[in-house]
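Q: I would like the atomic coordinates for the input below:
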Amino acid sequence: MRNKEDEEKTGQCQCRRGFTLRGFLTSVGVGAMAALATTGKLSSAKEASSAELAAEKAVVVTLTVNDRSHQLLVEPRWSLLHVLREHLGLTGTKVGCERGECGACTVLIDDLPRYACLTLAVELEQAPLVLMSFSRRPRRQWPRPRR
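A: Residues are numbered from 1 along each chain as shown. Predicted structure coming up:
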């Protein structure tokens, strides 16, 4: 009871003070950031812009989509789905799970169905590509791609 009375008089908690896990982890994190900043690794990472890195790694690829040829500058890590939707503006290929499980991104490459989310754009140099929404085949159930 004495502690509560003292708290009410002073307006401050008389709890035990000491180290807390949150305080310890905060000080360790601040120390690590200070060490990185002084070694120069952190500052050199900020100086390199993403545009410079992308320009160094970009590859010129010619894609033939729906009997039209497109010449693009793509990064080797970009999926065909990303290139079709973001760079060519062809939104008929849908984004589903992005893991190759749902089949929403299926396209025809050399008349074989493949998942666009698992196919890299640099793999398709000069390969004829047909989007499912522009296919000339009669309307029917499409086969799922083989894995």
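
Q: can you give me the helices in this protein?
A: With helices called from DSSP state H, the chain shows them at 2-10, 21-39, 41-47, 50-57, 80-82.

Q: among these, where is the model least confident on average?
A: Of all the helices of the chain, helix 41-47 carries the lowest average pLDDT, namely a mean of 51.

Q: Kindly report the domain assignment for this protein.
A: According to automatic domain parsing, the chain comprises the domains 2-47, 52-134.

Q: residue contacts, Gly96?
A: Residues near Gly96 by CB atoms under 8 Å, 6 or more residues apart in numbering: Cys102, Gly103, Ala104, Cys105, Cys117. The C-beta positions use only the backbone N, C-alpha and C, and glycine is treated the same way.

Q: same deal with Leu90?
A: Going by CB under 8 Å, 6+ apart, the list of residues near Leu90 reads Val65, Leu84, Leu131.

Q: How about Thr38?
A: Contacts for Thr38 (CB under 8 Å, 6+ apart) come out as none.

Q: swap in Thr91?
A: Contact analysis of Thr91 by CB under 8 Å, 6+ apart lists Arg85.

Q: Next: the one 4 residues further on.
A: Contact analysis of Val95 by CB under 8 Å, 6+ apart lists Leu81, Arg85, Ala104, Cys105, Cys117.

Q: Scan those residues and report the most crowded one.
A: Ranked by the number of neighbours (other CB atoms under 10 Å), the contacts of Val95 place Cys105 first, at 25 neighbours.

Q: how much space between Leu108 and Gly23?
A: Between Leu108 and Gly23 the distance is 59 Å, computed by CB to CB, to the nearest Å.

Q: Which of those two has more residues huddled nearby?
A: Regarding Leu108 and Gly23, a neighbour count based on other CB under 10 Å identifies Leu108 as having more, with 18 against 10.
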